[in-house]
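Participant: give the three-dimensional model of this entry:
(2 chains)
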Amino acid sequence: MKKSLIVCLVGLLVIPGFLLSFSSQVYAEDYPSKDIRLIIGGKPGGGFDTYSRAIGRYMKKYLPEGVNLITENRPGAGHKIAITMVYNSEPDGYTIGMPMMPGLYFPQMFEEQKYDMTKVTWLVTILKDPRVLAIAPNSKFKTLKDLQQAESVSVAIVGFSSETGVILANEKLGINAKYISGHKNSKEAVLAALRGDADAVGFTFGSLRKFLAKKQLIPVAVMGSDKRIPAISDVPTLTELGQADLNEMLGTYRVLAGPPNLPADRTKYLRDAIWKTLNDPEFLAWSKEAKRPVEPLDGEATAKALEPVMKGFADYKEILKKYVK
Amino acid sequence: MFDADVFWVTLKIMLNVRGILILLSGTVIGMIFGAIPGLSGVTAMVVLIPMTFGMDPVTAMLLLGAAYGAATYGGAVPAILINTPGEPPNAATVLDGFPMSQRGKSGTALGAAATASTLGGFIGLIVTFCFIPLLAKFVMAFSYPEFFMMTFFGLSIIAVLGEGTLLKGLAAGGFGILLSCVGYDPMTSELRYTFGIEYLWDGIEVVPALFGLLAIGEVMDLLVKKKPIADLKGGPLKGAGVWSGVIATLKNSFLVTRCSGIGTIIGAIPGVGGTVAGFISYMHAKQTCRNNENFGKGDVRGVIASEAANDAKEGGALLPTLAFGIPGSAGMAVFLGALTLHGIDTGQDIFIANLDVVYMLLISMLGCHIVAAIIGLSLADKMALLTKIRPVLFAPILFLVCLIGSFALRNSVGDVIVTLLFGLLGYEMRKFGFSRIALILGLLLGNMAEISFRQTLMTEAKLLGFFIRPISLILFLLILASVILPFIQSYRRRRFNEK
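Facilitator: Below is the predicted model:
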């Protein structure tokens, strides 16, 4: 009996070591000469996963033969696990990520993280998705003014760090919001609003599109977009509501990024290949059919756009502190 | 509501060589993914979705629906044979399925599981499709307080589990709830109990813990005891028994109906999750059946209750997915992605604009249950042989499969370590008579209970919210009754015996 137990215990020790030894590193002269890993924080089947796998499929054309862009799902901790892996990977151009911005910047404002979003190498923006503040139809409020005058408005959110932008917007617009957090995803939060448990929600236009089209939610403000959104053209942007500086900071960026200090030639190679993929007619056809819109911004423009966003949020640290603790 | 012409046209798409082949391959893939610990119906669909790009949406639904529908039955197989649910919703099947295997009756258990799954799946789908408008309103009546009461209901099953003493069961369950608190606070995103270990940020992943507690614990026990799983005191393992499982299920058809009803309703409520369905319906069976002293020791009705509810819940989960575009389960979320990928918008309109897709989903999920039942029943006696293999040959393979399964889940070595640690814990718990299922219940539901409890407190009604809403109050009273009644019964029995 004891012998068998010893066998078990040895197994317990040997097998993890075996698994770890798989991750050996190979360096090559020509870049790229092996598969490039795209580490994402989303689960299989979700939005991040769908975008990344589609890019991988159509990027084959622009990569040497035998080289693929392979999606690796490392969900958890609100995308922090995935970005930490990318950030601390060897800057050899074989590991890139799809961080969500500015969501991943907020944690580092309040606590030291194992990554620093101001230092990563930006490769491309796939899409900047504006946010929409919308009221539930059964709520006692009907307009933005109602919300501003109300004593208290309940807003369904997923978490305080993923919805930091909405929280800040509510503060600046003078809406006295009470938040109900802990919803698994934006859809569950929307359902809470539809049921009448919350008065309002504020998510990306992409995730609210269906509900807005069916008039299940009443949009009252667009955040993070220079222009009004054509589908809801009667809804003013934050700029029109007198919050121009805030408007520039909001909106969710779907981006691709590599670790800091990525060599310039490899950065250029990746930026070019991804840029061509995002403008590839077949990819665009997919994007239209799958209703996954793209509005590409090249790597330099992405870096330029995100820098003021991060600075801007840092200025509001004091206001945000009471929510994040 | 029902359009016979469209239904007939859709049915014809399936009823030709190509359609049947797609249904068959979908079902087989689904069953295999379901049966391998670590893979699930969701993974099966993610793998299959790229293959549907060249298909029209209706055919794509045939393939995906079949794969997903068959996976839940596949998950019952390892639950019965090796004490490891293929997917968390099969967890309740372990309670009676594995003890049956130990008594050499795995054939019966597999037969009963196949039949109950099929019937449950049928009932779930048909009920959902007949009552979509009614159910849609009903589902909207469930809010945070009701979510809490449902999970609390699931947790209260710890009190009636019957493995070990009540105190030990509560201790194990409480420990599970404590473990569920590890990681990010779901409401405020603060870190709790992580001891600076990055892996713990996201809490203890349930599936690797499940593998460890149930499977690895079992492997170690097998190696120590050096006896095959099936205790063959009553003569050699008979291949038959499969049909006795089928007959037992048909005899208990009223139980199947009730449990399928429970499964359908729980499945239809987004945010509660299917794992509760199996447990609540198991508890329901234990408390309403006569001669219930064998529950937990290998009563076939335990397997029937859990499997019927488990498959019925997927029918229910279709409701919010199709009617609101809000997935009722993880699998449905992937379904929703696949629908959008094929250019189909969900919401009430789907019943007008894409009725053929809806019908195909219904047909494929019904069809795959039939195919899965045929495959399952014809292979059951072969699969039952697994329980006869000498542990020295069987245990190492099982050990490796579980470790690879937990690694495959998220490509994380941390998950493998969790499996190993929980394996040791499971072995010790088993030895000292602590219920491992109670711990799993705590781990699985603790988080959900916490979130819905705190969300209720965030609403205007605060604590009162639990008692001023009718459904919540009824659920609360039901929980009280189901926990207290068994004690009153046993008290009265004792009094009666004294007299």
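
Participant: for B:Gly465, give its distance to B:Phe476.
Facilitator: 12 Å (CB to CB, to the nearest Å). All C-beta spots, glycine's among them, are computed from the backbone N, C-alpha and C.

Participant: which residues touch the residue nearest the centre of chain A?
Facilitator: Centroid check for chain A by CA atoms, centre = their mean gives A:Met100 as the closest residue, at 2.3 Å. Applying CB atoms under 8 Å, 6 or more residues apart in numbering or on different chains to A:Met100 gives the contacts A:41, A:48, A:79, A:252-254.

Participant: again, only this time at 6 Å
Facilitator: A:His79 (CB atoms under 6 Å, 6 or more residues apart in numbering or on different chains).

Participant: likewise for B:Leu485?
Facilitator: Applying CB under 6 Å, 6+ apart, no residues contact B:Leu485.

Participant: let's see 8 Å
Facilitator: Going by CB under 8 Å, 6+ apart, B:Leu485 touches B:Gln287.

Participant: show me how far the lowest-mean-pLDDT helix or strand in chain B is from its chain's centre.
Facilitator: Across the helices and strands of chain B, mean confidence by mean pLDDT, DSSP states H and E is lowest for helix B:350-353: a mean of 72. Distance of helix B:350-353 from the chain centroid (CA atoms, centre = their mean, to the nearest Å) equals 30 Å.

Participant: that helix vs chain A: in contact?
Facilitator: No - on the criterion CB under 8 Å from any CB of the partner chain, helix B:350-353 is out of touch with chain A, staying 11.3 Å away.

Participant: next one: stretch B:17-34
Facilitator: No - applying CB under 8 Å from any CB, one finds stretch B:17-34 out of contact with chain A, separated by at least 12.6 Å.

Participant: not counting that stretch itself, show me its contacts.
Facilitator: So stretch B:17-34 is contacted by B:13-14, B:39-41, B:43-44, B:47-48, B:59, B:62-75, B:77, B:86-87, B:364, B:367-368, B:371-372, B:375-376 (CB under 8 Å, 6+ apart).

Participant: so what's the residue sitting nearest the centre point of chain B up against?
Facilitator: The centroid of chain B falls nearest to B:Pro89 when counting by CA atoms, centre = their mean (1.7 Å). Applying CB under 8 Å, 6+ apart to B:Pro89 gives the contacts B:72, B:75, B:274-275, B:277-278, B:310, B:313.

Participant: which members of these are classed as buried?
Facilitator: Listed as buried from the contacts of B:Pro89 are B:72, B:75, B:274-275, B:277-278, B:310, B:313; burial here means 16 or more other CB atoms under 10 Å in any protein chain shown.

Participant: which stretches of the stretch 1-150 of chain A have low pLDDT?
Facilitator: A:1-29, A:45 (pLDDT under 70).

Participant: now do the strands in it.
Facilitator: A:36-40, A:69-73, A:95-97, A:100-101, A:121-129, A:131-135 (DSSP state E, counting those that start in this stretch).

Participant: now tabulate those in JSON lines and tack on distance to B:Gly154.
Facilitator: Output for the strands of the stretch 1-150 of chain A, formatted as JSON lines (distance: least, CB to CB, whole Å):
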{"stretch": "strand A:36-40", "distance to B:Gly154": "32"}
{"stretch": "strand A:69-73", "distance to B:Gly154": "28"}
{"stretch": "strand A:95-97", "distance to B:Gly154": "37"}
{"stretch": "strand A:100-101", "distance to B:Gly154": "33"}
{"stretch": "strand A:121-129", "distance to B:Gly154": "37"}
{"stretch": "strand A:131-135", "distance to B:Gly154": "33"}
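
Participant: list the buried ones in the least confident helix or strand of chain B?
Facilitator: So for helix B:350-353, counting by 16+ other CB under 10 Å, buried means B:350-351.

Participant: how is chain A partitioned into domains?
Facilitator: Following automatic domain parsing, one gets these domains for chain A: A:33-128+A:252-323, A:131-247.

Participant: first vs last residue of stretch A:151-164, how far apart are they?
Facilitator: 21 Å (CA to CA, to the nearest Å).

Participant: where's A:Glu300 relative to chain B, distance?
Facilitator: Distance from A:Glu300 to chain B, counting by CB to the nearest CB, to the nearest Å: 32 Å.

Participant: surely that residue is within a helix?
Facilitator: Yes - remark: A:Glu300 belongs to a helix, assigned using DSSP: H, G, I helix; E, B strand; the rest coil.

Participant: the closest residue to it other than its chain neighbours: how many residues sit nearby?
Facilitator: Spatial nearest neighbour of A:Glu300, chain neighbours left out: A:Trp122 (7.9 Å); criterion: CB to CB, 6 or more residues apart in numbering or on different chains. Neighbour count of A:Trp122, defined by other CB atoms under 10 Å in any protein chain shown: 27.

Participant: now do the contacts for A:Trp122.
Facilitator: Shown in contact with A:Trp122 (CB under 8 Å, 6+ apart): A:255-257, A:299-300, A:302-303, A:306.

Participant: what subset of the residues you listed is buried?
Facilitator: Judged by 16+ other CB under 10 Å, buried ones among the contacts of A:Trp122: A:255-257, A:299, A:302-303, A:306.

Participant: which parts of the stretch 51-200 of chain A sit against chain B?
Facilitator: A:53, A:57, A:72-78, A:80-81, A:84, A:114, A:154, A:159-161, A:178-182, A:184, A:187-188, A:190-192, A:194-195, A:197.

Participant: then stretch B:52-59 to CSV, C-alphas only?
Facilitator: This file holds the C-alpha atoms of stretch B:52-59, laid out as CSV (Å, rounded to 0.1, in the frame of the first residue of the first chain):
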residue,chain,number,x,y,z
THR,B,52,-19.6,25.3,-41.1
PHE,B,53,-18.3,28.3,-43.0
GLY,B,54,-19.0,26.6,-46.3
MET,B,55,-22.4,25.4,-45.3
ASP,B,56,-25.7,27.2,-45.4
PRO,B,57,-27.0,28.3,-42.0
VAL,B,58,-29.6,25.5,-41.8
THR,B,59,-27.1,22.7,-42.4
